[in-house]
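>>> Would you be able to build a 3D model of this:
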Amino acid sequence: MNVLRDGLLASLAADAPIRARLKGAYIYDGVPRGAPFPHINIGECETKRWDTQTSRGLEHIVTLHVWTREPKPREAQALLDQLDAWAAGAVVAVSGMRVVSLSNIFWTALNAPEAGLFHGVMRLRIVTEPVN
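Presented below is the predicted three-dimensional model:
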C-alpha cells in the first residue's frame with residue numbers, strides 16, 4: 001500500500017521533534033546505502049480487510065525500524081518514545097482514503113552487537129476506509 005507509506009513518510013518528516021532527535025530528516029522507505037545514523041525506516045506492512053455489509057475498509061499493521069550506532073539503548077529508546085508521542089496525535093494523509101485510527105501497539109529496543117547498532121522496533125495499527 002504505497003499511498004499509506006507515502007503518507008507515513010510525509011507525516012514523520014513533518015514532525016519537528018522527530019527531525020530534531022534524528023538531527024535531520026533521516027526517515028526512509030528503504031534505507032539508502034551509507035545512510036547516516038540514527039535513522040527511521042518504514043518496514044513491513046500487513047494489510048487485512050475489515051469489510052461489513054455497509055462499510056469497507058482496511059487494517060494495516062506497519063513496522064517502523066529505528067537504527068542507532070549508540071552502544072547503549074538510550075538513543076533508540078528516546079527515538080521510540082518520540083515516535084510514540086507522534087503516533088498519539090499523528091495526522092496521516094492517504095490519497096483516496098481516510099485514516100480512521102492510528103495507534104502504537106508495540107515497541108522495543110534490541111541490541112545488535114555484531115553490527116555495533118541498536119535496533120528499535122515499533123508496530124502501528126492503522127485503520128483506513130475509502131473516501132466516498
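
>>> And the helices in the protein?
2-13, 16-22, 74-89 (DSSP state H).

>>> looking at those, which is closest to Asp51?
Among these, the nearest to Asp51 by CB to CB is helix 2-13 (17.4 Å). Any C-beta I mention is one placed from the backbone N, CA and C, and that applies to glycine too.

>>> For the protein, give me the ranges with low pLDDT.
Confidence mapping of the chain against pLDDT under 70 gives zero matching residues.

>>> can you map out the strands along it?
Assigned by DSSP state E, the chain shows strands spanning 27-28, 39-49, 58-68, 97-112, 117-130.

>>> which of the residues in stretch 67-77 are buried?
Judged by neighbour count using 16 or more other CB atoms under 10 Å, the buried positions of stretch 67-77 are Trp67, Thr68, Pro73, Glu75, Ala76, Gln77.

>>> Enumerate every residue touching the third one.
Residues in contact with Pro73 (CB atoms under 8 Å, 6 or more residues apart in numbering) are Ala109, Asn111, Phe118.

>>> So which of these wins on neighbours?
Phe118 (25 neighbours; other CB atoms under 10 Å).

>>> Make a markdown table out of the helices of the chain and add distance to Tyr28.
As requested, the helices of the chain are exported to a markdown table (distance: least, CB to CB, whole Å):
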| stretch | distance to Tyr28 |
| --- | --- |
| helix 2-13 | 8 |
| helix 16-22 | 11 |
| helix 74-89 | 14 |
